[in-house]
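Participant: here is a sequence together with a model predicted from it:
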Amino acid sequence: MMKLKKYTRLSIKMPDTKLLERLAEVEHRQWWAWSKTVAEKERNLSKERLKRWEGLWKPYNLLTDAQKKSDRAWAREILSIINDILKEEEMEIERYKRVETDDWGKGFIHGLEVSLDWMKEKFKDVKNAKRNREAGIRDCP
């Protein structure tokens, strides 16, 4: 069993055989349409090339593995582009997370820390005042 390589959390696992085959099939259909158009319009197309192309003018699932190789290579190129875009998106998400944490988040946490320190001091004051009252010591005006 082939080990899957995951490039990023958002990436498409490589090789994702099901996706790879679907993209390869699309690539084959595109090539088929293009090559038929070229064959119809190009007068200088060699007989060897035309014969080779005609042998490939069939549905992707009827091609041999050797014939599918080129379509799979193009499909991998598409997956690579998609992964690059996903990596860029993930980096952008991480950048926003850092900004939120670095700026707003740190400010918010600092505010909580200041509030907590203030509350601790007030609590000490209340405890001291209560202790002083119980001991009969009056606060100075």
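Facilitator: Here it is on my side, so go on. Numbering: from 1, shown residues only.

Participant: lowest confidence element among the helices and strands of the protein?
Facilitator: Lowest on mean pLDDT, DSSP states H and E among the helices and strands of the chain sits helix 106-135, with a mean of 69.

Participant: longest helix in the protein, by residue count?
Facilitator: The longest helix of the chain (DSSP state H) is helix 65-99.

Participant: buried sites along that helix?
Facilitator: The neighbour-count check on helix 65-99 (16 or more other Cβ atoms under 10 Å) flags Lys68, Asp71, Arg72, Trp74, Ala75, Arg76, Leu79, Asn83, Leu86 as buried. Backbone N, C-alpha and C define where each C-beta goes, glycine included.

Participant: for stretch 29-39, same thing?
Facilitator: Residues of stretch 29-39 classed as buried by neighbour count (16+ other Cβ under 10 Å): Trp31, Trp32, Ser35.

Participant: mind checking the pLDDT average for it?
Facilitator: What stretch 29-39 shows for mean pLDDT is 96.

Participant: contacts for that stretch, please.
Facilitator: Leu45, Leu50, Trp53, Leu56, Trp57, Tyr60, Asp71 (Cβ atoms under 8 Å, 6 or more residues apart in numbering).
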